[in-house]
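Undergrad: build me a model from this:
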Amino acid sequence: MTDDPTETLLDAALVHVAFDGWSDTTFRAAIEDSGVDPVVARGLFPRGAVDLSVAYHRRGDRIMRERLAASDLSNMRFRDKVAQAVRLRIEASEDREAVRRGTTLFALPPYAPEGAKLIWETADAIWSALGDTSRDINWYTKRATLAGVYSSTVLFWLGDDSVGAQATWDFLDRRIEDVMRIETAKAKVRENPLLKSVFALPNAVLSRVRAPARRQDVPGQSGPGPQV
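TA: Below you'll find the model as predicted:
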């Protein structure tokens, strides 16, 4: 048990999510079970269970960063480091039904933009944890690509009944291999003199794109990096 009302409410809510989803019923039950003052609970989560679901997703990002920081990745290829980070993020979720219910919630039109933002945050958390320093167009392409890999792997994992979710990790390896093939093809295009001249203007425009600056006056944010 934690003294943090945010974590207390979230833990209490997870007991009910499998039955009632991320709903107002779950939010009310979490308040009753946790003993957190309803006014405090509403102040922390103005939209009730929707904000609880957001907190649950971000908890997974935090756990992933902690586990990744404690892992020895020194002998891994970079693609394997990315795969390990995605795997750690999925394993950090632990409660598959809570993820399933959250996926359903953020598929609804009013919450779909926020669902996309959360996936982008996860991709950014992984790249940042792996030491990505790109500040140009690559900052966006790396995160967009990884967001696609992560979201498709989560959907596969939700339906995976293999031992130890091995089918999911095999699926993840295939998706990353696909990305590596695309990157190899892009490199060949850049090295081709004829294509290089064709794409000279678009490349000149894209070279001016920069990653968003992270604000330094926001609690909990430090060092260079994007604010998403």
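
Undergrad: now do the SS call for the one residue sitting closest to the centre of the chain.
TA: Centre of the chain computed as the mean C-alpha position; nearest residue by CA atoms, centre = their mean is T122, 2.0 Å away. Secondary structure for T122, judged by DSSP: H, G, I helix; E, B strand; the rest coil, is helix.

Undergrad: tell me the contacts of T145?
TA: When contacts are counted by CB atoms under 8 Å, 6 or more residues apart in numbering, T145 is found next to 179, 182. All C-beta spots, glycine's among them, are computed from the backbone N, C-alpha and C.

Undergrad: which stretches of this protein form helices?
TA: Listed from the start of the chain, the chain has helices (DSSP state H) covering 5-20, 24-34, 38-44, 49-69, 78-93, 96-105, 112-129, 137-158, 166-191, 193-198, 200-206.

Undergrad: among these, which is nearest P212?
TA: In this view, the helices of the chain are compared for proximity to P212 by CB to CB, and helix 137-158 is the closest at 8.5 Å.

Undergrad: in that closest one, what counts as buried?
TA: Buried residues in helix 137-158, counting neighbours by 16 or more other CB atoms under 10 Å, are found at 137, 139-140, 142-143, 145-147, 149-151, 153-154, 156-157.

Undergrad: now swap in stretch 98-109 and tell me
TA: Neighbour-count burial for stretch 98-109 flags 98-102, 105-106 (criterion: 16+ other CB under 10 Å).

Undergrad: got JSON lines for the residues you listed, with distance to F78 too?
TA: Written out in JSON lines, the entries for the buried residues of stretch 98-109 read as follows (distance: CB to CB, whole Å):
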{"residue": "A98", "distance to F78": "31"}
{"residue": "V99", "distance to F78": "27"}
{"residue": "R100", "distance to F78": "31"}
{"residue": "R101", "distance to F78": "34"}
{"residue": "G102", "distance to F78": "30"}
{"residue": "L105", "distance to F78": "34"}
{"residue": "F106", "distance to F78": "30"}
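
Undergrad: and of those, the nearest to A69?
TA: Within those, proximity to A69 (CB to CB) peaks at V99, which comes in at 22.8 Å.

Undergrad: would you format the helices of the chain as TSV with mean pLDDT included?
TA: What follows is the helices of the chain, written out as TSV (pLDDT from 0 to 100):
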stretch	mean pLDDT
helix 5-20	96
helix 24-34	98
helix 38-44	97
helix 49-69	97
helix 78-93	96
helix 96-105	97
helix 112-129	96
helix 137-158	94
helix 166-191	83
helix 193-198	59
helix 200-206	51
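
Undergrad: so can I have CSV of the ones you listed showing distance to P212?
TA: CSV is the format used below for the helices of the chain (distance: least, CB to CB, whole Å):
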stretch, distance to P212
helix 5-20, 26
helix 24-34, 32
helix 38-44, 27
helix 49-69, 18
helix 78-93, 22
helix 96-105, 26
helix 112-129, 10
helix 137-158, 9
helix 166-191, 23
helix 193-198, 29
helix 200-206, 16
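
Undergrad: C-alpha coordinates for stretch 168-185, CSV please?
TA: Coordinates of the C-alpha atoms in stretch 168-185 are reproduced here as CSV (Å, rounded to 0.1, in the frame of the first residue of the first chain):
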residue,chain,number,x,y,z
THR,A,168,4.1,-12.1,-29.1
TRP,A,169,7.9,-11.8,-28.8
ASP,A,170,8.3,-13.6,-32.1
PHE,A,171,5.8,-11.2,-33.7
LEU,A,172,7.7,-8.3,-32.2
ASP,A,173,11.0,-9.5,-33.7
ARG,A,174,9.3,-9.8,-37.2
ARG,A,175,8.0,-6.3,-37.0
ILE,A,176,11.4,-4.9,-36.0
GLU,A,177,13.0,-6.9,-38.8
ASP,A,178,10.5,-5.3,-41.2
VAL,A,179,11.5,-1.8,-40.0
MET,A,180,15.2,-2.6,-40.4
ARG,A,181,14.5,-3.6,-44.1
ILE,A,182,12.8,-0.3,-44.7
GLU,A,183,15.7,1.6,-43.1
THR,A,184,18.1,-0.3,-45.3
ALA,A,185,16.1,0.5,-48.4
